[in-house]
Each structure stands twice: as structure tokens, then as C-alpha cells.
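> how would this look folded up:
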Amino acid sequence: WLIVLPLLVALLPLVLLAALILWPSGKGKVLLYGYVMIFGLIGYMSGLKIDIRSRSNNIYINLI
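Numbers count the residues shown, from 1 in each chain. Predicted structure coming up:
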């Protein structure tokens, strides 16, 4: 999360500019809603635990 959140914040001015340019075609609103949904998805994934097991490997991912 330490990489994703600053990246999304850094890209925010570009997303707002693109949304302003695309607003007359109707795609600007979709772009803004998608950006907000990404923030929501990151918030809801907090505490997610993934445990993948195979015969030879065990992979455990814990999102804080």
C-alpha cells in the first residue's frame, strides 16, 4: 500500500485533467467514478489474507 497510494495521489492531477477534457463525450464521469472506486477497493482490501498451497510451495499474502 505504501507504493499504490502515493502513486494514485501523484496521478490525481492527470486524471482530473483527462476527466475535464473527456467530460463533453461523457467518458470523464466514468473516469472519475473509476478512480474513486480504486480508492474504495484499496480500502476494502485492508486485512485481506490469501493462502495458496500446492504440493511443493506455500504462498501466504497478508495485506495490511
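> which intervals of the protein have sub-threshold pLDDT?
Along the chain, segments meeting pLDDT under 70 span 1-2, 64.
> run through the strands of it in chain order.
Under the criterion DSSP state E, the chain carries strands at the ranges 49-53, 58-62.
> can you lay out those strands as TSV showing distance to L20 and mean neighbour count?
Where C-beta positions appear, they are placed from N, C-alpha and C, glycine not excepted. Shown next, in TSV, are these (distance: least, Cβ to Cβ, whole Å; neighbours: other Cβ atoms under 10 Å):
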stretch	distance to L20	mean neighbour count
strand 49-53	38	9
strand 58-62	37	9
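> and these: which comes nearest V9?
Nearest to V9, of all the strands of the chain, is strand 58-62, at 23.8 Å by Cβ to Cβ.
> how about the contacts made by N62?
L48, K49, I50 (Cβ atoms under 8 Å, 6 or more residues apart in numbering).
> out of those residues, who's nearest I59?
I50 (7.7 Å).
> surely that closest one meets Y60?
Yes. Assessed by Cβ atoms under 8 Å, I50 is found in contact with Y60 at 7.2 Å.
> quick one: which of the contacts of N62 is nearest to G28?
L48 (31.0 Å).
> quick check: phi and psi at that closest one.
Main-chain torsions, L48, degrees, to the nearest 10: phi -70, psi 130.
> burial count for the nearest residue to it once chain neighbours are set aside?
Leaving out its chain neighbours, the residue that sits closest to L48 by Cβ to Cβ, 6 or more residues apart in numbering is L63, at 4.5 Å. Other residues near L63 come to 11 when the count uses other Cβ atoms under 10 Å.
> so who does L63 touch?
W1, M45, S46, G47, L48, K49, I50.
> quick one: residues contacting the fifth one.
Taking Cβ under 8 Å, 6+ apart as the criterion, L48 is in contact with I61, N62, L63.
> so it versus I61, what's the distance?
8 Å (Cβ to Cβ, to the nearest Å).
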